[in-house]
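>>> sequence first, predicted model second:
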Amino acid sequence: MVTKNQSKARSYFRFDNAAHIYPAIKNRKQPGVFRVSATLTDPIDPQVLRQALNKTMKRIPGFSVKLRKGLFWNYFIHSEDELPIQPDVLNPCMEITRKENDGFLLRVRYHQCRIALEIFHALADGSGAMIFLKTLVAEYLKQMGHPIPTGNGVLDCAESAKPEEMADSFRPFAGGAHILKREEPRAYQITGDPIPTHDVILTRGTVPVEDMRKLAKSLDASITEYLTAMLLYIINCQQMQAPPHRLLPVRVQVPVNLRAFFNTETLRNFSSFINVGLEPRLGDFTFEEIVCQVHNYLRYEVNEKLLRSRVAANLRTESIPFLRIVPLFLKTPMISLGYKLAGPNTFSSIISNLGNVEMPEEMEKHTQRFDFILGASNDTKVKCAVAGFKGNLSIIFTRSIKEADIERAFFTFLVEQGIPVEIESNQE
């Protein structure tokens, strides 16, 4: 028998620590949306996708929620409504509005052989989104008559949800960690002519994973470290070629999945961020020097103790007595202002690597590719998202400006290193 308290616990969800920022800064130019998609071998049947989505939403109730405003904080409320499915569009990751999406914080779209999930970042991070997408695709294939086992991020829709999957893992991870005072001055910002707000320009480069791994290993780096160094090098070159002005640090934000340091089954947000960069005022940097610097910095920063300290610092802000008692209508502009002062100005771009996408072999043979896209925003003009699948690395640049200088130089650099690159874009 379900008690009243148990029913209430399943109906209401508090925000995790990372979620608070996104409703405060969300608008048409800063939608806070990212996307993961799977391209199958056969065209999608919308009716079957509808059935598979209903089962997936029931299995993962933490995604079947709508945002509500409380007196002091936003919160999620569980909904039994049916999430709409939509044909895909040319410009993905636009703002998710209550009217357009019936209050849900995610979209499921389809086009030809592709199933795409777009999600508001307050709901989950890339790891949680990938589990939802893989479970949805697996259930769709089952409905189409293909037996798909569970495992590798595929959940069984015949099972009930686990409470741990909806847990906020930030607080237990941080514990009583010591907070280190960190200050990051303003970083160089990529500039350009803005495109219309409802547009987004995507450029996808596909490279062989093994070739990329060998290239990175030649400089004693991982693929993420090598790609991060490339982005830093190219952005710094752009700054150097600009009209004479005061040089600023160049930094790239790198998300870190905290699940590697803490045993949790949460499907919600559980990531931190490292701003890795270089100081051009110290002199000219060769690419090899930048790779070495990125390698050493990330190896130093990405460890449990320092990550716990970072999370603890974020939790402290949430626990400030004055902030806790301020009504939400006053708190929202305060959070937005704090983000503008200490957020995007501290880094030049973002690169997020989901790593290699793994799934059961029975599911893999029906899947051609996976893609990962970071939504465009007005404050961070160029972003980069990476995911590997079936021996290929998908590198997708998103930009909100007309100029393609960054991704053009990025992929040209790879070709000059002997890496074959296949380019696609949603623009001519």
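Nice, I can see it.
>>> please make it C-alpha for all contacts and neighbour counts, starting now.
OK.
>>> which non-adjacent residue is nearest the spatially most central residue of the chain?
By CA atoms, centre = their mean, the mean C-alpha position of the chain lies nearest to G126, the distance being 4.8 Å. Spatial nearest neighbour of G126, excluding adjacent residues (CA to CA, 6 or more residues apart in numbering): L354 at 7.0 Å.
>>> about what we covered before: just checking, the residue nearest to the centre of the chain touches N353?
No - with contact defined as CA atoms under 8 Å, G126 does not reach N353; the gap is 9.4 Å.
>>> do a quick rundown of the helices in the protein.
In the chain, the helices defined using DSSP state H lie at 4-11, 21-25, 46-59, 98-101, 126-143, 170-174, 209-217, 223-241, 287-301, 304-318, 321-325, 328-342, 361-364, 405-416.
>>> would you turn those into TSV with distance to P196 and mean pLDDT?
Below are the helices of the chain laid out as TSV (distance: least, CA to CA, whole Å; pLDDT from 0 to 100):
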stretch	distance to P196	mean pLDDT
helix 4-11	39	48
helix 21-25	19	86
helix 46-59	31	97
helix 98-101	20	84
helix 126-143	27	97
helix 170-174	37	93
helix 209-217	35	97
helix 223-241	23	96
helix 287-301	35	97
helix 304-318	34	90
helix 321-325	36	73
helix 328-342	22	80
helix 361-364	38	96
helix 405-416	19	97
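>>> CSV for these, including distance to G151?
What follows is the helices of the chain, written out as CSV (distance: least, CA to CA, whole Å):
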stretch, distance to G151
helix 4-11, 25
helix 21-25, 31
helix 46-59, 15
helix 98-101, 30
helix 126-143, 10
helix 170-174, 25
helix 209-217, 23
helix 223-241, 25
helix 287-301, 30
helix 304-318, 27
helix 321-325, 41
helix 328-342, 38
helix 361-364, 10
helix 405-416, 35
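>>> which of the ones you listed sits most buried?
Across these, the average number of neighbours (mean count of other CA atoms under 10 Å) peaks for helix 126-143, which reaches a mean of 23.
>>> what packs against that helix?
strand 33-40, helix 46-59, strand 114-120 (3 or more CA pairs under 8 Å, 6 or more residues apart in numbering; DSSP states H and E).
>>> what's the domain layout of this protein?
As assigned by automatic domain parsing, the chain contains the domains 4-168, 182-425.
>>> in a markdown table, list the helices and strands packed on helix 126-143 along with distance to F397.
Compiled in a markdown table, those are given as follows (distance: least, CA to CA, whole Å):
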| stretch | distance to F397 |
| --- | --- |
| strand 33-40 | 12 |
| helix 46-59 | 28 |
| strand 114-120 | 16 |
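>>> who's in contact with E358?
Shown in contact with E358 (CA atoms under 8 Å, 6 or more residues apart in numbering): N152, G153, F389.
>>> what is the neighbour count of the second one?
It refers to G153. 18 (other CA atoms under 10 Å).
>>> for it, what are its contacts?
Going by CA under 8 Å, 6+ apart, G153 touches M130, I131, K134, T135, E358, M359.
>>> looking at the helices and strands packed on helix 126-143, spot the one closest to I401.
For the helices and strands packed on helix 126-143, the distance to I401 is smallest for strand 33-40, at 17.7 Å, taking CA to CA.
>>> parallel or antiparallel, which strands does the closest one pair with?
Paired with strand 33-40 in the same sheet, following DSSP bridges, are strand 114-120 (antiparallel), strand 367-374 (antiparallel).
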